[in-house]
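A.B. asks: Structure for the following, please:
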Amino acid sequence: MDCIVSSSTILIRSYLTPVRSLSSAASVSVKPLSSAQVASFSANSHILSFRSGGKRTRKLLANASRSAIRCGGIKEIGESEFSSTVLESDRPVLVEFVATWCGPCKLIYPAMESLSQEYGDRLTIVKIDHDANPKLIADFKVYGLPHFILFKDGKEVPGSRREGAITKAKLKEYIDGLLNTISVS
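C.D. replies: This is a model prediction of the structure:
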């Protein structure tokens, strides 16, 4: 599944999958684009426009260039949000450390999206960009990507670290085993 990331992206083409949602107050849901449709995002004018058969629909997005955009149920957080999102959470949080250049991270992305929806009521799953958050990478000694750590009650669950790409079935086993260990039903 493709997703728009807040950056200086100028042109986005997605013929196979939809853009899911924005994490800011303004949110736009979009259906998959056909090969005749082009989606372009202008970070300067904050306008998301879709062209289909000569007709143009524009939606004004307030502060779109500063907004972190998320796909599905996985939210990308940074150092400033780590404490409130992970350490102060009332339910377990699985943190996935990823990078845009990481092939295995891209490989497991669909499985992680699916699992975030499946465990949505029992577990929060968040992503942390390796390159944008060097302090968190150093603090948690993340040496390989993707890297998973489960937190409960503001603390890392012992034995919860996992590194590398694995299948959806193995990810599910890993998460189920951790949730059973910490008695979350």
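
A.B. asks: can you map out the strands along this structure?
C.D. replies: Taking DSSP state E as the test, the strands found in the chain are 11-12, 21-22, 38-42, 47-52, 55-60, 69-70, 75-77, 93-98, 124-129, 147-152, 155-156, 162-163.

A.B. asks: Pick out the shakiest of the ones you listed, pLDDT-wise.
C.D. replies: Among the strands of the chain, strand 38-42 carries the lowest mean pLDDT, a mean of 34.

A.B. asks: so who does the nearest residue to Ala111 once chain neighbours are set aside touch?
C.D. replies: Nearest non-adjacent residue to Ala111, counting by Cβ to Cβ, 6 or more residues apart in numbering: Lys168, 3.7 Å away. Quick note: C-beta positions are derived from backbone N, CA and C, even for glycine. Neighbouring residues of Lys168 by Cβ atoms under 8 Å, 6 or more residues apart in numbering: 108, 110-111, 114-115.

A.B. asks: which of those residues count as buried?
C.D. replies: Buried by 16 or more other Cβ atoms under 10 Å: 108, 111, 114-115, out of the contacts of Lys168.

A.B. asks: Report the beta-bridge partners for the residue lying closest to Phe151 once chain neighbours are set aside.
C.D. replies: Nearest residue to Phe151, sequence neighbours excluded (Cβ to Cβ, 6+ apart): Val93, at 4.8 Å. Beta bridges link Val93 to Thr124, Phe151 when assigned by DSSP bridges.

A.B. asks: for the chain, which spans come out with low pLDDT?
C.D. replies: Where the chain drops to pLDDT under 70, the residues are 1-73, 184-185.

A.B. asks: Next, the angle from the longest helix anywhere in it to strand 124-129.
C.D. replies: In the chain, with assignment by DSSP state H, the single longest helix is helix 103-118. Going by axes from the mean of the first three to the mean of the last three Cα atoms, to 10 degrees, helix 103-118 is angled at 160 degrees with respect to strand 124-129.

A.B. asks: quick one: helix 103-118 to strand 147-152, angle?
C.D. replies: Using the same axes, to 10 degrees, helix 103-118 lies at 30 degrees relative to strand 147-152.

A.B. asks: okay, the angle between helix 103-118 and strand 93-98?
C.D. replies: Using the same axes, to 10 degrees: helix 103-118 against strand 93-98 is 160 degrees.

A.B. asks: What is helix 103-118 packed up against?
C.D. replies: strand 124-129, helix 168-181 (3 or more Cβ pairs under 8 Å, 6 or more residues apart in numbering; DSSP states H and E).

A.B. asks: Show me the contact partners of the shortest one.
C.D. replies: Think strand 124-129. Outside strand 124-129, the residues that touch it by Cβ under 8 Å, 6+ apart are 73-78, 82, 85-86, 89, 91-100, 112, 115-116, 119, 136.
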